[in-house]
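Peer 1: Give the three-dimensional model of this entry:
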Amino acid sequence: MNPYVLTILLSSLGLGTVLTFASSHWLLAWMGLEINTLAIIPLMARQYHPRAVEATTKYFLTQATAAAMILFASTTNAWLVGEWDIQQLTHPIAATTAMLALALKVGLAPVHFWLPEVLQGLDLTTGLILSTWQKLAPFALMLQVAPTVNSSLVVTLGLLSTLVGGWGGLNQTQLRKILAYSSIAHLGWMVLIMQFAPSLTLLSLIMYIIMTSSAFMTLKTNNSLTINALAISWTKAPALAALAILVLLSLGGLPPLSGFMPKWLILQELTKQGLPMSATLAAMTALLSLYFYLRLCYAMTLTIWPNTLAATTPWRLDFTHITLPLSLVTMLALGLLPLTPAMAALLNL
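Peer 2: Below is the predicted model of the structure:
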């Protein structure tokens, strides 16, 4: 892709997100979301492959539906209440519609159907943008809308997403689909605590972005798209293969890695709020996600490609990837747990 065009598209991505962050009027927020969607579509379709075009079409139709629902909800609220302000979305019908529309935008269950299919058709770089940056603007709106929505709906969305994210990833062999279901599960944890501790949702989102960035960059460096391809990743970068296991376990939420921090704090807060059953169900669904992360760890470390030549050739090729961003996010994904008190104080938990 032409570097000037790429610069314009990436700048538009940033502009759309910042516009949604800064807006207090529903129309401006909707415009920011639309700029975001229109900027990423050329990035998704740049592979000149039917699968990429299919994924782009699915993404466009889903996002257009969600945007139309957001406009409908805000217009309904303006008609019934007389307010266009995002903070004043007080009518139950409008608030519920807006919440479901934003859930469709980020890929929460039960409206998650598009995310694995779309992510499977993208290259890993665009998939990383879709899984991280594209979640920011809708989440900023969800945090503002959540206080006015029925708490049972929000908790149900969260628990259903953690369950679907864990259950859906069990039978997958494509790494991008596994990461898509991982994304759904993590989003479920964030939404689960959204009404009780919004700052904890923000902390979870930050940790999710760090760990997912590390996972996508690792797969990009190893050029791995399926579980079988992980078997020769040790020949390309042995140290990275060892660290990748820890990153996957961090995504699963095992102590003493960084991914344990948000799950620990969320379970603690749910218990404080008098929701022990929700906390128990969320913890049990985390075990489903942990299973398919362990599958990836097994494929990466305890198996070897059956053909000796295929396993020994890749390390002889030139290694030209830029690894500084990967090194930074991997260190953060593994070593932030001791800083939990500092981060909690910083976010006023």
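
Peer 1: By mean pLDDT, flag the weakest helix or strand of this structure.
Peer 2: Among the helices and strands of the chain, helix 308-312 carries the lowest confidence by mean pLDDT, DSSP states H and E, at a mean of 52.

Peer 1: Next SSE downstream of it?
Peer 2: Once helix 308-312 ends, the next helix or strand along the chain (criterion: DSSP states H and E) is helix 324-335.

Peer 1: Residues contacting that following helix, please?
Peer 2: Identification of contacts with helix 324-335 by C-beta atoms under 8 Å, 6 or more residues apart in numbering yields 210-211, 213-214, 217-218, 221, 240, 243, 246-247, 250, 257-259. C-beta coordinates here come from the backbone N, C-alpha and C atoms, glycine included.

Peer 1: same thing with stretch 109-122?
Peer 2: If you take C-beta under 8 Å, 6+ apart as the criterion, stretch 109-122 is touched by 44, 47, 49, 51-52, 54-56, 58-59, 62, 100, 103-104, 107, 127, 130-131, 157, 160-161, 163-165, 168, 172, 174, 176-177, 179-181, 183-184, 188.

Peer 1: Selecting buried members of the residues you listed in PyMOL, what would you type?
Peer 2: Only the buried members of these enter the following PyMOL selection, criterion being 16 or more other C-beta atoms under 10 Å:
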select buried, resi 44+47+52+55+56+58+59+62+100+103+104+107+127+130+131+157+160+161+163+164+165+168+172+176+177+179+180+181+183+184+188
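
Peer 1: Now, the contacts of stretch 109-122 that are in helices?
Peer 2: When DSSP state H is applied, the contacts of stretch 109-122 are split such that 44, 51-52, 54-56, 58-59, 62, 100, 103-104, 127, 130-131, 157, 160-161, 163-165, 168, 176-177, 179-181, 183-184, 188 fall in helices.

Peer 1: Check which helices and strands the helix or strand hosting residue 35 sits against.
Peer 2: Using DSSP H and E, residue 35 sits within helix 26-44. Identification of packing neighbours for helix 26-44 by 3 or more C-beta pairs under 8 Å, 6 or more residues apart in numbering; DSSP states H and E yields helix 3-22, helix 50-80, helix 124-131, helix 133-145.

Peer 1: What helices and strands are in contact with the last one?
Peer 2: What it means is helix 133-145. Helices and strands in packing contact with helix 133-145 are listed as helix 3-22, helix 26-44, helix 92-106, helix 175-192, helix 198-222; criterion 3+ C-beta pairs under 8 Å, 6+ apart.

Peer 1: again with the shortest one
Peer 2: When contacts are defined as 3+ C-beta pairs under 8 Å, 6+ apart, helix 124-131 sits against helix 26-44, helix 114-120, helix 175-192, helix 198-222.

Peer 1: contacts for it?
Peer 2: Residues lying outside helix 124-131 but in contact with it, judged by C-beta under 8 Å, 6+ apart, are 13, 40, 43-44, 46, 59, 118-119, 122, 176, 179-180, 183, 212-213, 216-217, 219-220, 225.

Peer 1: quick check: angle from that helix to helix 3-22?
Peer 2: In terms of direction (axes from the mean of the first three to the mean of the last three C-alpha atoms, to 10 degrees), helix 124-131 departs from helix 3-22 by 10 degrees.

Peer 1: and the helices and strands packed on helix 124-131, which is most packed in?
Peer 2: Here the criterion is mean neighbour count by mean count of other C-beta atoms under 10 Å, and of the helices and strands packed on helix 124-131 the winner is helix 175-192, at a mean of 26.

Peer 1: quick check: angle from that helix to helix 92-106?
Peer 2: Using the same axes, to 10 degrees: helix 175-192 against helix 92-106 is 150 degrees.

Peer 1: what are the C-alpha coordinates of helix 175-192, in PDB please?
Peer 2: Output of helix 175-192 as PDB, limited to C-alpha atoms (Å, rounded to 0.1, in the frame of the first residue of the first chain):
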ATOM      1  CA  LEU A 175      -4.800 -19.100  15.700                       C
ATOM      2  CA  ARG A 176      -6.700 -15.900  14.500                       C
ATOM      3  CA  LYS A 177     -10.000 -17.500  15.500                       C
ATOM      4  CA  ILE A 178      -8.600 -18.600  18.800                       C
ATOM      5  CA  LEU A 179      -7.500 -15.000  19.500                       C
ATOM      6  CA  ALA A 180     -11.000 -13.800  18.400                       C
ATOM      7  CA  TYR A 181     -12.600 -16.000  21.000                       C
ATOM      8  CA  SER A 182     -10.000 -14.900  23.500                       C
ATOM      9  CA  SER A 183     -11.000 -11.300  22.800                       C
ATOM     10  CA  ILE A 184     -14.700 -12.100  23.400                       C
ATOM     11  CA  ALA A 185     -13.900 -13.700  26.700                       C
ATOM     12  CA  HIS A 186     -11.700 -10.800  27.900                       C
ATOM     13  CA  LEU A 187     -14.400  -8.300  26.800                       C
ATOM     14  CA  GLY A 188     -16.900 -10.300  28.900                       C
ATOM     15  CA  TRP A 189     -14.700  -9.800  32.000                       C
ATOM     16  CA  MET A 190     -14.600  -6.000  31.300                       C
ATOM     17  CA  VAL A 191     -18.300  -5.700  30.900                       C
ATOM     18  CA  LEU A 192     -19.000  -7.800  33.900                       C
END
